[in-house]
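predicted model and sequence below, questions to follow.
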Amino acid sequence: MPASELAKTWGSAAEAARRQADRMIFYRDGEISGVTITDVIWELEDCRVIGEPAEDRVEVGTSETWAYEAELRCSSGVVHNSTWIETYPAETYILVWTEGEWQISEWSIGAQRILTVGRWQCP
């Protein structure tokens with residue numbers, strides 16, 4: 001999704017979503033000179049309403065796994081594919097009914113587990 005489209009779904013939480021994406025794109029270790037994300041795979045393991053929903057507002061809890069596949073430009077000159085996997089066992093979203101649709105107004109990633117060692121990795 002282009003950054004210009006984030007606000008349509010993410011509403012006031014779009015900036016937090018953008019920061020999270022930028023954190024991965026700009027991640028570097030001594031071996032990585034560039035990162036191009038080629039695919040994102042999202043798996044929702046759990047989704048539940050938290051508390052009592054209002055007519056125009058609901059809090060939702062989820063457990064999610066995100067896998068980000070990327071093409072790395074390594075400082076050695078090698079182009080390498082790598083995967084960064086994160087799980088979020090306790091995310092929460094606040095959804096508000098705005099102009100005839102649900103939109104994210106707040107987002108908290110909660111605890112996070114990174115399942116790959118070293119995140120992006122060059123060989």
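Now that the structure is in, tell me what you want to look at.

now do the longest helix along the chain: which elements does it pack against?
If you go by DSSP state H, the chain has its longest helix at helix 14-25. Here helix 14-25 touches helix 6-10, strand 32-50, going by 3 or more Cβ pairs under 8 Å, 6 or more residues apart in numbering; DSSP states H and E. Quick note: C-beta positions are derived from backbone N, CA and C, even for glycine.

buried deepest among these, which one?
Highest mean neighbour count of the helices and strands packed on helix 14-25: helix 6-10, a mean of 16 (counted as mean count of other Cβ atoms under 10 Å).

report the buried residues of the longest helix of the chain.
By neighbour count on 16 or more other Cβ atoms under 10 Å, the buried set for helix 14-25 is 14, 17, 24.

ok, the last one - contacts?
Neighbour list for Met24: 35, 37, 68, 84, 119-120 [criterion: Cβ atoms under 8 Å, 6 or more residues apart in numbering].

helix, strand or coil: sort out the residue lying closest to Val96 once chain neighbours are set aside for me.
Take Val96 and drop its neighbours on the chain: the residue closest to it by Cβ to Cβ, 6 or more residues apart in numbering is Ser105, 4.6 Å away. Under DSSP: H, G, I helix; E, B strand; the rest coil, the three-state class of Ser105 is strand.

same question for Ser12.
Here Ser12 takes the helix state, with states given by three-state DSSP.

and it, how close does it get to Gly30?
Per Cβ to Cβ, to the nearest Å, Ser12 is found 37 Å from Gly30.

okay, the two: which has more neighbours?
Set side by side, Ser12 and Gly30 give different neighbour counts by other Cβ atoms under 10 Å, the larger being at Ser12 (15 against 7).
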